[in-house]
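> model this:
(one chain, ligands or ions: 1)
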Amino acid sequence: MSLFDQPFDHKRDAAIVTGAGNGIGRAIALALVGEGVRTLFADISADKVRAATDAAADPALAFAWSGDLAERTECERLLADARERLGLVTLFVHSASPPRREQDHLLAVSDETWARMRAVNLDAGFHLGRELAKSLIAAKSPGSMLYLTSLHAQTPRNLPHYSTAKAAMAILVKEMARMLGQHAIRVNALVPGAIAAGGFVADPALARHIPLGRLGQAADLAPMALAVLSDRIGGYVSGASIVVDGGLALTNWFDPPELE
Ligand SMILES: NC(=O)c1ccc[n+]([C@@H]2O[C@H](COP(=O)([O-])OP(=O)(O)OC[C@H]3O[C@@H](n4cnc5c(N)ncnc54)[C@H](O)[C@@H]3O)[C@@H](O)[C@H]2O)c1
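Purely as a prediction, here's the structure:
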C-alpha cells in the first residue's frame, strides 16, 4: 500500500471542524470527508454550513451544525451533538474566527470586538480541545488536534485583539501537546500566510511580498492539514507550528538581489 493511501481509520476516526462554513475550515472539512472521515461542520452561519455540507463528496459523511462558539453553552451543545451524531471524536480542527477588520486597530478596537476575538479563538479552542481530550483519554483512544494560528502570533498585525488571541492559541497548543502526548493525543498549529479565503480583505498587491509569487487559497491548506492530522503520516508530529505561507514569513526589509 502507498504511504498516502487511507490516511485515516474509517472505523475509528470522526472529526469536528469549527469555522467549516467558509475558507480554510471549509476546505479542511471537505477534504476530510473526501478521505472518508465522518465530519461535523460547525459554524455560526447556518446557511454557509449547509452549503458546505451540500458540497461534500459524500454528503452522508458530512454533518451540519450551527451555533455561536463565543458562548460556552453553545460549545457544550456542540460537544453533546457531536457525541450523539459521531460517537467519539478523534480529530479536531479549530478554524473559527471572527473576521479581521483593518479599522479595529489599537486605538479603535472595542471591548466587545476584543472579547469576541478571544472567546472564539482562544476560549472555545481551549474548552473544546480539553473536553475532547478528556473523552479520548477515557476511551484510551489516540487523537489529533489542529489549531489555526497565524504568523501574527509573533509579529504585529495592527489588530491587537487578533494577534494576542493567536499568540495565546500558539502557547495553548504547546501546553496541550506537552500534557496530552502521554495519551497519544497530538496537538499542532497550522499557520497560514496570506490566504484569500474570506476572513480579511486580501489585497492582491500582497503577492509581491510572497516568494512563491501569489496569495494562497483555502485549498492550499487542506493537504498539509490532513497530513498533520493523520496518525499514519504525521504520527510523530506534536507541538509543532506548521507554516503554509508560500514563503511569506521570509519577508523582511531586505529585498532579494535582482539578477540580470
Ligand atoms: N486567511 C488567512 O490569510 C489566514 C491567515 C492566518 C490565520 N488564519 C486563520 O485561519 C482560520 C480561518 O481563516 P479564514 O480566512 O478561512 O476565515 P473565514 O472568515 O473565511 O472563516 C471563518 C469561519 O468562522 C466562522 N465563525 C466566525 N465566528 C464564529 C463563531 N462565533 N462561532 C462559530 N463560527 C464562527 C465564520 O462564519 C466563518 O465561516 C482563522 O482562525 C484565521 O484566523 C487565516
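
> Around the ligand, pick out the residues from the stretch 101-250 of the chain.
Within reach of the ligand by Cβ under 6 Å from any ligand atom, the stretch 101-250 of the chain has these residues: 120, 148, 150, 192, 194, 195, 197, 198, 199, 218. C-betas here are computed from N, CA, C, even on glycine.

> Only alpha carbons, please: show stretch 154-169 as CSV.
Coordinates of each C-alpha in stretch 154-169 appear next as CSV, following Å, rounded to 0.1, in the frame of the first residue of the first chain:
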residue,chain,number,x,y,z
GLN,A,154,4.7,36.5,16.6
THR,A,155,4.5,39.7,14.6
PRO,A,156,2.1,42.6,14.9
ARG,A,157,-0.9,42.9,12.5
ASN,A,158,-2.2,46.3,13.6
LEU,A,159,-5.0,44.3,15.1
PRO,A,160,-4.1,43.7,18.7
HIS,A,161,-7.2,41.6,19.6
TYR,A,162,-6.3,39.2,16.7
SER,A,163,-2.5,38.9,17.3
THR,A,164,-2.9,38.4,21.1
ALA,A,165,-5.6,35.8,20.6
LYS,A,166,-3.4,33.9,18.1
ALA,A,167,-0.3,34.2,20.4
ALA,A,168,-2.3,32.7,23.2
MET,A,169,-3.5,29.9,21.0
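
> In that stretch, which residues are buried?
Across stretch 154-169, burial judged by 16 or more other Cβ atoms under 10 Å covers 157, 159, 160, 161, 162, 163, 164, 165, 166, 167, 168, 169.

> These in strands, which ones?
Within the buried residues of stretch 154-169, no residue falls in strands by DSSP state E.

> so how many other residues sit close to the residue in the chain that the ligand sits nearest to?
The minimum distance from the chain to the ligand, using Cβ to the nearest ligand atom, falls at residue 23 (2.1 Å). With neighbours defined by other Cβ atoms under 10 Å, the count for residue 23 comes to 23.

> With the one 5 residues further on instead?
Number of residues near residue 28 (other Cβ under 10 Å) recorded here: 30.

> And residue 80, by the same measure?
Residue 80: 10 neighbours (other Cβ under 10 Å).

> With residue 140 as the reference, measure out to it.
For residue 80, the distance to residue 140 (Cβ to Cβ, to the nearest Å) stands at 22 Å.

> ok, residues contacting the longest strand along the chain?
Longest strand of the chain, by residue count under DSSP E: strand 185-192. Strand 185-192 has contacts (Cβ atoms under 8 Å, 6 or more residues apart in numbering) with 24, 129, 133, 136-137, 142-151, 153, 169-170, 173, 176-177, 180, 216, 221, 224-225, 228, 231, 234-235, 237-245.
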